[in-house]
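Undergrad: make a model of this:
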Amino acid sequence: MKSSELLRRLRRLAGRRGWEIEISEGKRHTKLSLRGRDTTIPRHSTEIKIGTFHQILKQLGITREDLES
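TA: Now for the predicted structure:
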């Protein structure tokens, strides 16, 4: 999954559940805070590696199923 797709899905999830989301754009990474939990999402032209993707979800306290519903 590309970082832009992940950010879109996280925004949609936050909107559906009424969660507060803060996004700060840097030069190569995006800092994201969701319900007081922070993470950094790389913004490169390639797909996010699976291990990085799982770590981002773990840091935010959500599951892959949360993003897909």
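Undergrad: now what about stretch 58-68, what contacts it?
TA: 6, 9, 10, 13, 32, 34, 35, 37, 38, 39, 57 (C-beta atoms under 8 Å, 6 or more residues apart in numbering). Placement of C-beta: from N, CA and C, glycine included.
Undergrad: for residue 40, pull up the helix or strand it's in.
TA: Here residue 40, judged by DSSP states H and E, is contained in strand 37-42.
Undergrad: run the chain-centre distance for that strand.
TA: Relative to its chain's centre, strand 37-42 lies at 7 Å (C-alpha atoms, centre = their mean, to the nearest Å).
Undergrad: now stretch 15-35: buried residues?
TA: Neighbour-count burial for stretch 15-35 flags 30, 32, 34 (criterion: 16 or more other C-beta atoms under 10 Å).
Undergrad: just the endpoints, please. Distance across it?
TA: Using C-alpha to C-alpha, to the nearest Å, the end-to-end distance of stretch 15-35 comes to 12 Å.
Undergrad: re the thing from before, narrow the contacts of stretch 58-68 to those that are buried.
TA: Applying 16+ other C-beta under 10 Å to those flags 6, 10, 13, 32, 34, 39, 57 as buried.
Undergrad: okay if I get the buried residues of stretch 15-35 as CSV plus pLDDT and secondary structure?
TA: Shown next, in CSV, are those (pLDDT from 0 to 100; DSSP: H, G, I helix; E, B strand; the rest coil):
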residue, pLDDT, secondary structure
30, 95, strand
32, 96, strand
34, 95, strand
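Undergrad: returning to that earlier point: so what secondary structure elements neighbour the strand holding residue 40?
TA: Counting contacts by 3 or more C-beta pairs under 8 Å, 6 or more residues apart in numbering; DSSP states H and E, strand 37-42 packs against helix 3-17, strand 29-34, helix 50-60.
Undergrad: report the buried residues of whichever helix or strand comes after the last one.
TA: Okay, so that is helix 50-60. Using DSSP H and E, the helix or strand that follows helix 50-60 towards the C-terminus is helix 64-68. Buried residues in helix 64-68, counted by 16+ other C-beta under 10 Å: residue 67.
Undergrad: helix 64-68: how far from the chain's middle?
TA: The chain centre lies 11 Å from the centre of helix 64-68; the measure is C-alpha atoms, centre = their mean.
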